[in-house]
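1. this one's sequence-less:
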């Protein structure tokens with residue numbers, strides 16, 4: 001009887017390992033929003049890590065988070081690292097490529113509570129209403145992350161953070177565009 005139970009448990013473990021191993025390693029998460037502001041205005045909010053405090057969905061989760069800025073203040077080579085509570089963890093972002101005002105590519109490195117390196121891309125395309133801003137992240141899942149993806153929808157979890165961030169980015173960029181539009185009228 002014990003032998004049959006052990007064989008059944010072993011079979012379930014082997015089946016689980018096979019299912020996890022056959023899951024795709026690559027992932028892509030993407031969200032977009034229409035913003036009533038020119039691409040240059042939206043681009044500026046993302047190209048400078050100092051501006052992220054106004055719109056990043058993670059900045060408000062840990063007010064005690066330690067931040068460090070390195071390199072140029074904006075553009076290629078600008079870097080931002082953080083250390084926060086267990087909800088924020090520890091990591092680093094580095095802008096690796098900029099095509100003003102249409103695209104920003106970022107190397108995102110998570111250090112704690114897990115290690116991972118992902119590619120983040122922001123694309124700003126002219127649109128009828130101003131700008132279509134797209135935030136995407138691509139990476140590779142190891143065995144543990146593939147196993148976790150059986151029980152958690154990472155696209156939904158991270159995607160909802162992207163949606164909150166894009167909504168805040170929209171508010172900041174539109175307020176800036178409105179203030180810029182009103183400034184010449186105020187000078188008259």
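-> Thanks, I have it. Note that the structure is a prediction, hence the values are computed from the model and not measured.
2. and the gap between residue 158 and residue 12?
-> Distance of residue 158 to residue 12, given as Cβ to Cβ, to the nearest Å: 30 Å. To be clear about C-beta, it is placed using only N, CA and C from the backbone, and glycine gets the same treatment.
3. Quick check: which ranges of this protein have low pLDDT?
-> 16-17, 20-21, 143-152, 181, 183-188 (pLDDT under 70).
4. Please enumerate the helices of it.
-> 2-21, 39-47, 143-148, 154-187 (DSSP state H).
5. Turn these into TSV, columns for distance to residue 114.
-> Conversion of the helices of the chain to TSV gives the following (distance: least, Cβ to Cβ, whole Å):
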stretch	distance to residue 114
helix 2-21	16
helix 39-47	25
helix 143-148	8
helix 154-187	12
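6. For residue 99, find the nearest of those.
-> helix 39-47 (9.5 Å; Cβ to Cβ).
7. and that closest one, what does it pack onto?
-> Counting contacts by 3 or more Cβ pairs under 8 Å, 6 or more residues apart in numbering; DSSP states H and E, helix 39-47 is packed against strand 103-112, strand 116-127, strand 130-140, helix 154-187.
8. picking up where we left off before, nearest to residue 84, of the helices of the chain?
-> Of all these, the one in closest proximity to residue 84, counting by Cβ to Cβ, is helix 154-187 (14.4 Å).
9. Pretty sure residue 159 sits against residue 29.
-> Yes - contact criterion Cβ atoms under 8 Å: residue 159 and residue 29 qualify, at 5.5 Å.
10. can you tell me which residues contact the closest residue in space to residue 176 that isn't next to it in sequence?
-> With sequence-adjacent residues excluded and distances taken as Cβ to Cβ, 6 or more residues apart in numbering, residue 176 is closest to residue 41, at 5.6 Å. The contact partners of residue 41, by Cβ atoms under 8 Å, 6 or more residues apart in numbering, come to 131, 173, 176, 177, 180.
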